[in-house]
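Participant: from the sequence below, what's the structure:
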Amino acid sequence: MASSSSLPVIIFFCISFFFLLSVNANEVTVGGKSGDWKIPPSSSYSFNEWAQMARFKVGDILVFSYEAGKDSVLQVTRESYEKCNTTSPKASYNDGNTKVKLEQPGPVYFISGKEGHCQKGQKLRLVVVSPRSSAFSPAPSPPDGPAVAPSSGAAKLTGVFSVVGLLLGFLALF
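Facilitator: Alright, predicted model coming up:
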C-alpha cells in the first residue's frame, strides 16, 4: 500500500499519463511556412501535394498567412472547389492570419477569394481524420483524390508506453 507521502507523486504520474493520452491539437501553417497562402510559384507545386505529406486530425488548426486586404481564404464545398466558385462559401476569412479549427472528419476544401487565384492553383483539399483513428492506419482516401500520407504515431505511442512503464514501476516500489 502506498504511504500518504507518496500520494502526491502518484497523482502527478496519473495526471501526466492522462495528459499524454489526450489528443493534442496542432497548429499547422498552410504550405509549411509563414506567408505561403499565395499563388504557387510554379505548376510543379500544389497545396494538395503539401497536404498529402501530413495527417490532419479533428481539433488541428490550420493557419493561413497572407497579406490582409490583398487576398482571402474561402472554405467551400467540393463543387465550388472544383469550379473555383467564390460566390457562396461556407466561411470567408480576410484578416491575413486566418486560423481554422478542423472540427469533423472528412474532406475539407479551401480556395483563394481573390479573382483568378484559384484557377492558378491557390486552393487546398485535405482529409481530416478522427482522433480515434489508429496511429498506424493510413488516412482514408477522399472520393476524388489520393490518400493523405499517414504520419508516424510510433513516437507518441512509445512515449505513452514509457509513461505507463514508469508509473507501474514506481507503484511497484510501494
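
Participant: quick one: end-to-end length of stretch 81-96, please.
Facilitator: Start-to-end span of stretch 81-96 (CA to CA, to the nearest Å) is 21 Å.

Participant: any low-confidence regions in the protein?
Facilitator: Across the chain, the ranges flagged by pLDDT under 70 are 1-24, 33-35, 133-174.

Participant: ok, which stretches of it are strands?
Facilitator: Secondary structure of the chain, counting by DSSP state E: strands at 27-29, 56-57, 61-65, 73-76, 91-93, 97-101, 106-112, 123-129.

Participant: so which of these comes closest to residue 37?
Facilitator: When those are compared by CB to CB, strand 61-65 sits nearest residue 37, at 4.4 Å. (Glycine included, C-beta is placed from N, CA and C.)

Participant: could you spell out the sheet neighbours of that closest one, each with its direction?
Facilitator: Applying DSSP bridges to the sheet, strand 61-65 is found paired with strand 27-29 (parallel), strand 97-101 (antiparallel).

Participant: re the thing from before, ok, which of the strands of the chain comes nearest residue 42?
Facilitator: Closest of those to residue 42 is strand 123-129, at 15.5 Å (criterion: CB to CB).

Participant: what angle separates that closest one from strand 106-112?
Facilitator: Put simply, strand 123-129 runs at 160 degrees to strand 106-112, going by axes from the mean of the first three to the mean of the last three CA atoms, to 10 degrees.

Participant: tell me who's in contact with the nearest residue to residue 90 once chain neighbours are set aside.
Facilitator: Using CB to CB, 6 or more residues apart in numbering and skipping the chain neighbours, the partner closest in space to residue 90 is residue 75 (4.6 Å). Neighbour list for residue 75: 89, 90, 91, 92, 100, 108, 109, 110 [criterion: CB atoms under 8 Å, 6 or more residues apart in numbering].
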